[in-house]
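**Q** sequence and predicted structure below; questions after.
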Amino acid sequence: MLVTTRSLDHHGIVSGIYDELEIGKVIDEVLPKLGQHKLSHSIIVKAMILNCLGFVDSRLYMYSQYFETLPVERLLGPGISASDLTDDVLGRTLDEIYEADSTQLFMKLAMKMLEIVNIRTQLLQSDTTNFSLHGDYEYIDGSSSIEITYGHAKDGRDDLKRFGLGMITNQYGIPLFAKAYSGNASDKETIIEAMKKLQENITFPADVYYIADSALYSENNIKSMRKGMKWITRVPSTLNLSKDLLISDLDFKPGKDPRYSFYETIVEYGGIKQKWVVVHSSEMQKRKDVTFEKKIKRIVKEAQKDLKDLKKIKFACEEDARASLERWKRENPHCLLETAEISTISKREKGKRGRPQKNEKLIVHYVINAEAIRNEEITLNEKEYQGRFIISSNDTNLDAEKMLDHYKNQ
């Protein structure tokens, strides 16, 4: 009698969870396979999931090779063999998923799984990222597919084309929404689009908070938020209102966590009344002190270089020289002028050399004599405001520490 053994490994658990969450049932409802086909799309997707947990770098035509050592019938169903998993079969399923809108399919699966596991969603955390790719990826005009192109490189590879990915998860990190975007897509646009799309397809309790980074916070996004959407986000430090607040003398209240202290205020932005919480983080202060010192040294060095170039200029009148010096002072507040005076130099006309003759008319120029040092008072003042950032919510009754806790958990 011939006996053969197959190693099930972790694949049995994955296959069982796939069936328990009824993923295949949802896929067959969205992607019914008509005609004489041995394998349904749900079986193909299941095979892809099993493959992706151990053989992710393989090409489609090598799938069958991966399953040759696995108990395929136990994992995928009676009568199915590794040779059935050809690249043509896999490719047709991928095409069907694309045509059916993979984002919609993903949300349907998320809804089914939330229903089965009965996990209550309290926080929805949204973010975007992008991935760099090697290759040309020529875009076909008129195609509905995303464009792999140059965009803001979050990995620093500006030389490579890329595509983006937007995702929303619940407080346990379970993804509820996922969508691919073109490489040059704007975070400010995709993040609000994702939130609206999710709310259109899944109904959440009224006390759920949508959480995102500062990409969400713009006047247009705030205005376009659906009524009843509670949100928490970080306020960009580039807004004039936040700039003023971040460098103001504020009465901070210490939090239960000694690392944080808080200042709360109510503002209106984008026509929406909201609570702003200025957070001071002692750990963030320590980190920023190091980079701040490097930044100040660089600024002072560049200012001193500009002053050195200014001292080489010969001005036609004293007023021009003083105006240039005053402009330099305004543009370089981190420096103080240790000495500053305007002096004159004279020279003969038409480039003549030697001692000028008696009563010879000379050309007079005005030059700046000055030395710059670091402005310690302004530097120390700015250093005091390091370690601050602002978070905001349209729930004006939300406790400041709770708001920070929700924001940090993303």
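**A** Noted; the coordinates are in hand.

**Q** how about the helices of the stretch 51-200 of the chain, start to end?
**A** Under the criterion DSSP state H, counting those that start in this stretch, helices of the stretch 51-200 of the chain are mapped to 63-67, 72-76, 87-100, 102-117, 187-201.

**Q** same list (those) but as JSON lines, adding distance to residue 235 and mean neighbour count.
**A** For the C-beta atoms, the positions are set from N, CA and C on the backbone; glycine is no exception. Output for the helices of the stretch 51-200 of the chain, formatted as JSON lines (distance: least, C-beta to C-beta, whole Å; neighbours: other C-beta atoms under 10 Å):
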{"stretch": "helix 63-67", "distance to residue 235": "48", "mean neighbour count": "18"}
{"stretch": "helix 72-76", "distance to residue 235": "50", "mean neighbour count": "18"}
{"stretch": "helix 87-100", "distance to residue 235": "38", "mean neighbour count": "15"}
{"stretch": "helix 102-117", "distance to residue 235": "29", "mean neighbour count": "16"}
{"stretch": "helix 187-201", "distance to residue 235": "14", "mean neighbour count": "18"}
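
**Q** what's the domain layout of this structure?
**A** 10-100, 119-234, 237-349+361-409 (the TED database).

**Q** endpoint to endpoint, the last one covers what distance?
**A** With C-alpha to C-alpha, to the nearest Å as the measure, the first residue of domain 237-349+361-409 is 21 Å from its last.

**Q** quick one: mean pLDDT over it.
**A** Per-residue pLDDT values over domain 237-349+361-409 give a mean of 89.

**Q** still on that earlier bit, so which of the domains of the chain is nearest residue 108?
**A** Judged by C-beta to C-beta, the one of these that comes nearest to residue 108 is domain 10-100, at 5.4 Å.

**Q** tell me the contacts of the nearest residue to residue 274 once chain neighbours are set aside?
**A** By the measure of C-beta to C-beta, 6 or more residues apart in numbering, the closest residue to residue 274 outside its immediate chain neighbours is residue 394, 4.8 Å from it. By C-beta atoms under 8 Å, 6 or more residues apart in numbering, the contact list for residue 394 reads 225, 229, 230, 231, 272, 273, 274, 275.

**Q** at 6 Å what do you get?
**A** The contact partners of residue 394, taken as C-beta atoms under 6 Å, 6 or more residues apart in numbering, are 231, 272, 274.

**Q** what packs against the helix of greatest length in the chain?
**A** Longest helix in the chain by number of residues (criterion: DSSP state H): helix 282-311. For helix 282-311, the packing partners by 3 or more C-beta pairs under 6 Å, 6 or more residues apart in numbering; DSSP states H and E come out as strand 362-374.

**Q** just the strands in the stretch 151-300 of the chain please.
**A** With DSSP state E, counting those that start in this stretch as the definition, the stretch 151-300 of the chain shows strands at residue ranges 161-170, 175-182, 209-212, 230-234, 253-254, 260-269, 272-281.

**Q** for residue 14, find the nearest of the ones you listed.
**A** Between residue 14 and the strands of the stretch 151-300 of the chain, the tightest spacing by C-beta to C-beta is seen for strand 175-182, at 16.7 Å.

**Q** packing partners of that closest one?
**A** Contact analysis of strand 175-182 by 3+ C-beta pairs under 6 Å, 6+ apart lists helix 102-117, strand 161-170, helix 187-201 as its packing neighbours.

**Q** how many residues are close by the closest residue to residue 396 other than its chain neighbours?
**A** Counting by C-beta to C-beta, 6+ apart, the nearest residue to residue 396 once its immediate chain neighbours are dropped is residue 275, at 4.6 Å. Residue 275 has 20 neighbouring residues, counting by other C-beta atoms under 10 Å.

**Q** among the contacts of residue 394, which ones are buried?
**A** Among the contacts of residue 394, those buried by neighbour count (16 or more other C-beta atoms under 10 Å) are 231, 274.

**Q** including distance to residue 173, could the contacts of residue 394 go into a markdown table?
**A** Written out in a markdown table, the entries for those read as follows (distance: C-beta to C-beta, whole Å):
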| residue | distance to residue 173 |
| --- | --- |
| 231 | 19 |
| 272 | 29 |
| 274 | 27 |
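
**Q** what's near enough to touch residue 364?
**A** Under the criterion of C-beta under 6 Å, 6+ apart, the contact list for residue 364 reads 344, 346.

**Q** coming back round to it: can you say which of the strands of the stretch 151-300 of the chain is nearest to residue 189?
**A** Sorting the strands of the stretch 151-300 of the chain by C-beta to C-beta, the top spot, which is the nearest, belongs to strand 175-182 at 9.1 Å.

**Q** circling back to that earlier point, to residue 18, which of the helices of the stretch 51-200 of the chain lies closest?
**A** Taking C-beta to C-beta as the criterion, helix 72-76 is the member of those that comes nearest to residue 18, at 9.3 Å.

**Q** and the pLDDT at residue 79?
**A** Confidence at residue 79, expressed as pLDDT, is 90.
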